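Colleague: pasting the sequence and the predicted model now:
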Amino acid sequence: MTKQELARRVKETAYLEGDFVLRSGKRSKYYLDKYLFETHPDILRALGEEFAKHVTPDVTLIAGAELGGVALAASTAMASGKNWIIVRNSKKDYGTGKLVEGTLKAGDVVLLVEDIATTGGQVLEAARVITGAGAKVSKIVAVIDRKQGAGENITGAGFAFESILTKDDLA
């Protein structure tokens, strides 16, 4: 699937108009429902292939933050052949109580995939969990950059940032 076809598929499946409050607290006249595009196999497969293009030889692991990044990380892992982890939003209070599911080791080099980047808050929290474990985030890549500060916030925090699509690609 070309990037233009991918943008068209994402928009036709997940673009909603109305009055929405985003995770960042900002209001928007449009909403990109990540679960609508992530649950279509053709889109998810194409996204995994696009994310896999960002896997450099030093990358040892793929990561996605709960919940939107989970399917994306799995798809990227399948496309790249790399293992993957899930970074939880908070520790669970049962079972092992882990904040990271899967195996994250000190020294790992991680490609962190994100669904939709608005301010970058959630993905920065995940990046801090990864670096706090002694691993390195090679790059954070989002499906869509809404161009509302995520890029600046993420690079300002010392991480490389790219996106597969931007809000302009969905115009």
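Modeller: Okay, I see it.

Colleague: how about the helices in the chain?
Modeller: Taking DSSP state H as the test, the helices found in the chain are 3-14, 34-38, 41-52, 68-80, 121-132, 150-156.

Colleague: of the ones you listed, which approaches residue 99 most closely?
Modeller: helix 121-132 (5.8 Å; Cβ to Cβ). From N, CA and C alone the C-beta is placed, and that goes for glycine too.

Colleague: what mean pLDDT would you report for that closest one?
Modeller: Mean pLDDT, helix 121-132: 96.

Colleague: give me the buried positions along that helix.
Modeller: 122-124, 126-127, 129-130 (16 or more other Cβ atoms under 10 Å).

Colleague: closest one of the residues you listed to residue 107?
Modeller: Using Cβ to Cβ, residue 130 comes nearest to residue 107 of those, at 11.7 Å.

Colleague: now do the contacts for that closest one.
Modeller: Residue 130 makes contact with 63, 87, 100, 104, 108, 110, 112, 136-137, according to Cβ atoms under 8 Å, 6 or more residues apart in numbering.

Colleague: again with residue 76
Modeller: 47-48, 51-52, 55, 62, 64, 82, 84, 111, 113.

Colleague: what's the closest non-adjacent residue to it?
Modeller: residue 51 (4.0 Å; Cβ to Cβ, 6 or more residues apart in numbering).

Colleague: quick check: pLDDT value at that neighbour.
Modeller: As predicted, residue 51 sits at a pLDDT of 98.

Colleague: hang on, the earlier thing: which one of the contacts of residue 130 has the most neighbours?
Modeller: The most neighbours of any of these, using other Cβ atoms under 10 Å, belong to residue 63, which has 31 neighbours.

Colleague: with adjacent residues omitted, what lies nearest to residue 71?
Modeller: Spatial nearest neighbour of residue 71, chain neighbours left out: residue 38 (4.8 Å); criterion: Cβ to Cβ, 6+ apart.

Colleague: and the one you found, how many neighbours?
Modeller: 23.

Colleague: what's the separation between it and residue 74?
Modeller: 10 Å (Cβ to Cβ, to the nearest Å).

Colleague: same check on residue 164?
Modeller: Using Cβ to Cβ, residue 164 is found at 16 Å from residue 74.

Colleague: if you count surrounding residues, which of the two has more?
Modeller: Remark: of residue 164 and residue 74, residue 164 carries more neighbours, 21 against 17, as counted by other Cβ under 10 Å.
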